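# Kindly generate the corresponding structure for this input.
(chains A, B and C)
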Amino acid sequence: MALVVFGVVTIVFVLLRVAAGDPARLMNPPGQQEELVQLTRERIGTDRPIIEQYVDYVVGVFQGDLGTSFHGNQAVLTEVMAALPNTVALAVVTILVSSIIALALGIAAALRPNTALDRGVLVYVSIALATPSFWLAIILVLIFSVRLGWLPAIDMQGPQSFVLPVATLTVALTPVLIRTVRQSFLETLGDDHVRAARARGISERRVILVHGLKVAALPLITLVGIQAGLILAGSYVVESIFNWPGIGKLTLDAVAGRNFPMIQGGVLVAALVFVVVNFVVDLTYAVLDPRIRLGYR
Amino acid sequence: MTDVAGAGTLQLQPVGQSRRIGRRLRRRKSFVVGVTGLTLIIGAAVLAPWLAPHDPMQQDLMATLLPPAWVEGGSPDFPFGTDALGRDVLSRMMYGARNSLLIAFFAVLIAASLGLAAGVTAGFSRSSMDALLMRMGDMQLAFPFILLAIIVLGVVTDRTALHIILVLGIPGWILYARVVRSRVLSEREKDYVTAAHAIGAGRSRQLRKYVLPAVWQVVLVIALLDFGFVILVESTLSFLGFGLTPPEPSWGSILAEGKRSMIVSPWLAVLPGLAIMLTVLAVNLTADGAADVLDPKLRKGVFRRRRQQDTGRQTVTADETGAVAQDDAAGTARRDDGPLLQVVDLHAEFPFDERSVYAVRGVSFAVDRGKTLGIVGESGSGKSVTALSILQLLDAPGRVTHGRVVFDGRDLTRIPDAEMSRLRGRQLGMIFQNPSASLNPVMTIGSQMVETIAAHQAGAGNRTDVARAALADVGIGDPDRVLRRYPFQLSGGMNQRVMIALAMIARPDLLIADEPTTALDVTTQAQVLEQLVAVTHDHDTALILITHDIALVHEYADDVIVMYAGRIFEAGPVRDVVRQPRHPYTKALLDSVPRADLEPNERLRAIPGELPDPSKPQPGCPFAARCAYVMDICRVEDPPLIEVAEHREAACHLPALPDAPPRAPSEVSV
Amino acid sequence: MNEILLEARGLTKHYEASGGFLGRGGAPVKAVDGVDLIIREGETLGLVGESGCGKSTLARTILLLETPTAGSLRFAGEELTAERAGELRRRAQIVFQDPYTSLPPRMRIEDIVADPLIIHGTVEAGQRSARVRQLLDDVGLRSMDARKLPHELSGGQRQRVGIARALAVQPSLIVADEAVSSLDVSVQAQILNLLKDLQERHRLAYLFVSHDLGVVKYVSHRIAVMYLGRVVERAGSRALHERPLHPYTGALMSAAPSLHERRSERIRLRGEPPDPARPPSGCRFHPRCPIAQPRCAEDEPQLQEWLPDHEASCHYALGEGS
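Residues are numbered from 1 along each chain as shown, chains lettered A, B, ... in the order given. From the prediction side, this is the model:
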């Protein structure tokens, strides 16, 4: 796990220095004199050999020091810690809303396959999967902010400002979730043990809610992991459009400014989130599923 | 990444059926719509240089930010309006389509090639190589793909299409690799790979000729879905400013402009996004349609019981309780005398796309209280479907199309669902073939037993005590230990005994056992069957034992029914039937079972030919093609099941069965 | 007696266990634990036992499809080592149980049957097609089946293809690993008869592995009974049937349902089949044995010839007094 995070950060470190030009030069107006550029280089530390920069950085990370921003002098760590809660808030609300919708629609569709309800759900899934989230965000802003003036378009100011970003993210998330829920349920309901439970006279309601759900629910735990990943990916776009002061916007701005330490900070956070969430999901799965817990071969 | 994880479970049909596949594809509306849309869009993109009304780079500062032609202020010169520099939006969109589609195509090509190679390597070579590749994949998946793209493209100073293609394509390998790897791993386990090894094929030949052909088609389906995804990502990148450097047109960058002029000219924001959405939708529909047709996923059970509609052929009235008012010659079915179960002319079928499987074609029999009836048949005989029909557990689209199942005075095919549910477990029970799969894998035995006990309010006193007693009743010596366990921790024989105990909890009048021991070892089989017969005798429960093994029925049943191709060929007390069969099939079946008293050079008399196809019923007797006693009438007229002696029935045109068949059956498979 | 074709001594195959805390450290599963076997030319040795006895593992190890952990193999008098496995491929073949997974799903029948010919170069390219047709004919398939794909054939037909494939190299030994167990009864008899005919025609030896004692008796000249990785009884087919010496054999025979009236009470086994990773002490069968004595828990019996040409590994093979 730690190895993965470590590997990720290293790769990004290398990639940045390979792909970008000299950040010191790009931070100065074009045609600037070499001595002034050199000054910048010294300030931001890119005049040292790469290995030294790398080792310095890694050591720093273990000490909790994520470096200093190339622009200005703020500690990367401080910036990141300031931005993280905003993204987390967005994520939590989105996960709640998406999960409820996905469970409701997915289960309902699985219980009545090939009916109008099921087909409607699948149509929604198809369309939502095809919708570019940045476009949806703009449309929503156009309708609800510009034309109707109901909701704020940008910035994080109070509960109403959550609505549009959450809506955008939800539309991006729900199709994948609904499909997974529906599929899991459909398969479970066709299992032998469900039929055997019916044969024993267990009521249909109990068969679905207890036998069906217990088995179908397990793969859904991994959905939380998927959601975390999808939200993280979506945050870059959504936070940018809505000017939401979270990790996504922080990272994007850093990229635009070739602010290496900040970029690395953003990547580190993203990797950590992914890895931790997936670890927790695996652990939960192992605890809840007796077959894993008790070593089923 | 998109959820194409579902694609890992695809089982693709062989290419040899390409014509049939083509037809089914055309039949699926979604696929047709998708392909049509895709063709139009690709066509517009490819033909852009000839179709576009203007040069996409040409600026006209006199005509900036014009709305589309159908809005007031627009002009037919610029059908979709113009952007902030007066460039024609439609032309830019068409050229933008070219860019987007080309980039996506090549990116997918790279990803698919890399992924296929990696997946095959990981799946087929040593575990260390596999582990290495999967670790790399894990690392890559540890942070969002789009971030990687943003970072790389963001810091590169002069972005070209090649940069974008590489950034979008190379990381995509893991998506394909995972699925390919899992397919390769599962194919590798199959016997045909071992067979290739056995005939002397080296690893590379095994891979090339045997495994790869079974695996590579998955890549196509994933590639289609990925194509749509990449289009989305590319346009997102353009929108954020990390796409092709301007003034190259792309949908994303047009949209970005649109955002800036959103208030003044909203159309600039709407139209390109619509184009993206429609393109990706077309791609997804195509992919879904293709995957659905190429994947014969068994539409397993959606359980929806279809009550029989009164066809008007039999005048049967069902009052509130579903009690049958008899009107036909089958006789009265009253509560206390007469058989416990009477099946009358049962027909059941499974409609599929173009045809139906006629599983049960006119089956009639009766079971008395406390007796054991064996139903013997090979695959396709309809014995399991008959059993499921009795309990009304046929998964849709299967349904009973004709006939009656009269149990204790009621026609089970016509009573309301709620009433049927009450009957199940209480008066009618069923146990199935695979005991470990028939128990809920994540609930302990104890909780499943208590649940059933509660559902029927069976037994007196503490439910756990009742459960313990029920387990002891089927010969489980250590009930407490078993109650605490999960099904996967117990053996097949143990699980089957648990199933029997569960089925007997409410002391049903009838228990149906569908191949209860087929999945068990011989010694365990004997234990379980003895237990089954003992416990049903103890509680005066009638038992229907369904099996393919006629010797089993001979040991454990009182009466037997021999089924073939959805029909009953013979019925009667089992000893009599075995000693002196009245139907050629029964006789042939008995002759083809290896017996201890055969001389060393004597051959079994095998039945030539194959079992008939249940979706293509032929006129006449279904056994005619294989019967050693066949006469002309057999191919034309279906012999009815008639009484040939007391308590003996047979469906054959021959009045009696001579000892030796007129001709020796040939060995050629028909 | 015919010449010895294949001889195995002390053949052993262990697997690493997947049990234990972190997937390591579990005891190895001794799937095959010291087996001696002799198969003679033109003869069928039946190998019978229930699940977990190791018969399938043994079948594959004999063909060097699995590498033995210990023991020796001789084929036609020559020592067989892992490096010489390639030579074995022309002289010994295998037919599998599941007709649905034993044929490659995307290859045509004629290609499946032709591949061994191509690999070993035994037939020139021009003659191949004719040889394939002949093989198909030998197993009772029609030439119009040659261009079909496996899923277009029935189970019985697919088994025939598997047999044709095995025959292509003209082997002297064919291992049939539950080759008829997945077939319907009426088709089973066809394939069994086919195997017998082929044996006569081509002087084939078979190792016929099955859990079905009745089927094994029908095709075999000699039978070996396996339990938990060991051979517990070995005799001629008729001798075994007339007087089983090992209690497990007796239990197997009496457990099988019969079309004749029962002569005696069924022999009932106690308890559950054992875990191959943790075999019982002493005689492996003793926890379930109806005639077990105290000695059986400590002292593991070896295969002994209690009657002429009839071996069993039991202290009380000839009754409680022995």
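# alpha carbons only for contacts and neighbour counts from here, please
OK.
# Which pLDDT value belongs to the residue nearest to residue C:196 when sequence neighbours are not counted?
Taking Cα to Cα, 6 or more residues apart in numbering or on different chains, and ignoring the residues beside it in sequence, residue C:196 has residue C:219 as its nearest neighbour in space, at 7.1 Å. Taken from the predicted model, the pLDDT recorded for residue C:219 is 92.
# Can you give me the neighbour number for residue C:219?
When counting by other Cα atoms under 10 Å in any protein chain shown, one arrives at 23 neighbours for residue C:219.
# That one contacts residue C:47, doesn't it?
No - Residue C:219 is beyond contact range of residue C:47, at 11.0 Å (criterion: Cα atoms under 8 Å).
# Mind listing the shared neighbours of those two?
residue C:208 (Cα atoms under 8 Å, 6 or more residues apart in numbering or on different chains).
# Confirm residue C:6 sits in a strand?
Yes - with DSSP: H, G, I helix; E, B strand; the rest coil as the criterion, residue C:6 is assigned to a strand.
# Which residues are in contact with residue B:503?
Residues in contact with residue B:503 (Cα under 8 Å, 6+ apart) are A:200, B:425, B:429-431, B:511.
# In PDB, list the C-alpha atoms belonging to the host helix or strand of it.
For residue B:503, the host element (DSSP states H and E) is helix B:492-504. Backbone C-alpha positions of helix B:492-504 (Å, rounded to 0.1, in the frame of the first residue of the first chain) are rendered in PDB as follows:
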ATOM      1  CA  GLY B 492     -22.100 -31.700   0.400                       C
ATOM      2  CA  GLY B 493     -23.600 -34.700   2.200                       C
ATOM      3  CA  MET B 494     -24.100 -32.700   5.400                       C
ATOM      4  CA  ASN B 495     -25.600 -29.800   3.600                       C
ATOM      5  CA  GLN B 496     -28.100 -32.000   1.900                       C
ATOM      6  CA  ARG B 497     -29.100 -33.400   5.200                       C
ATOM      7  CA  VAL B 498     -29.600 -29.900   6.400                       C
ATOM      8  CA  MET B 499     -31.800 -29.300   3.400                       C
ATOM      9  CA  ILE B 500     -33.900 -32.300   4.100                       C
ATOM     10  CA  ALA B 501     -34.300 -31.300   7.700                       C
ATOM     11  CA  LEU B 502     -35.400 -27.800   6.600                       C
ATOM     12  CA  ALA B 503     -37.800 -29.200   4.100                       C
ATOM     13  CA  MET B 504     -39.300 -31.500   6.700                       C
END
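# could you point out which element follows it?
Towards the C-terminus, the helix or strand next in line after helix B:492-504, according to DSSP H and E, is strand B:510-514.
# Show me what the following helix or strand past that next one is in contact with.
Past strand B:510-514, heading to the C-terminal end, the next element that is a helix or strand (DSSP H and E) is helix B:522-538. The list of residues contacting helix B:522-538 from outside it, by Cα under 8 Å, 6+ apart, reads B:370, B:473-475, B:493, B:496-497, B:500, B:517-518, B:542-543, B:556, C:50, C:211, C:251-252, C:255-257, C:268-269.
# Please pick the buried ones from these.
Neighbour counting by 16 or more other Cα atoms under 10 Å in any protein chain shown classes B:370, B:473-475, B:493, B:496-497, B:500, B:517, B:542-543, B:556, C:50, C:211, C:251-252, C:255-257, C:268-269 among the contacts of helix B:522-538 as buried.
# near chain A too, which of these?
Of the entries in the buried ones among the contacts of helix B:522-538, none also sits close to chain A under the rule Cα under 8 Å from any Cα of the partner chain.
# Mind listing what's buried along the helix or strand residue B:453 falls within?
Secondary structure assignment for residue B:453, by DSSP H and E: helix B:445-456. Applying a neighbour-count criterion of 16+ other Cα under 10 Å, one finds B:445-453, B:455-456 buried in helix B:445-456.
# same deal with stretch B:467-486?
Burial within stretch B:467-486, assessed by neighbour count using 16+ other Cα under 10 Å, is assigned to B:467-476, B:479-480, B:482-483, B:485-486.
# tell me which of those residues is nearest to chain A?
Proximity of the buried residues of stretch B:467-486 to chain A (Cα to the nearest Cα) peaks at residue B:486, which lies at 7.8 Å.
# ok so, going back, narrow the buried residues of stretch B:467-486 to those in strands?
When DSSP state E is applied, those are split such that none fall in strands.
# Widest-spaced pair of these?
The most widely separated members of those, counting by Cα to Cα, are B:473 and B:486 (19.8 Å).
# Tell me the residues of the stretch 151-300 of chain B that contact chain A?
Taking Cα under 8 Å from any Cα as the criterion, the stretch 151-300 of chain B approaches chain A at residues B:151-152, B:154-157, B:228, B:232, B:236, B:239-240, B:255, B:259, B:262-263, B:266, B:269-270, B:273, B:276-281, B:284-285, B:300.
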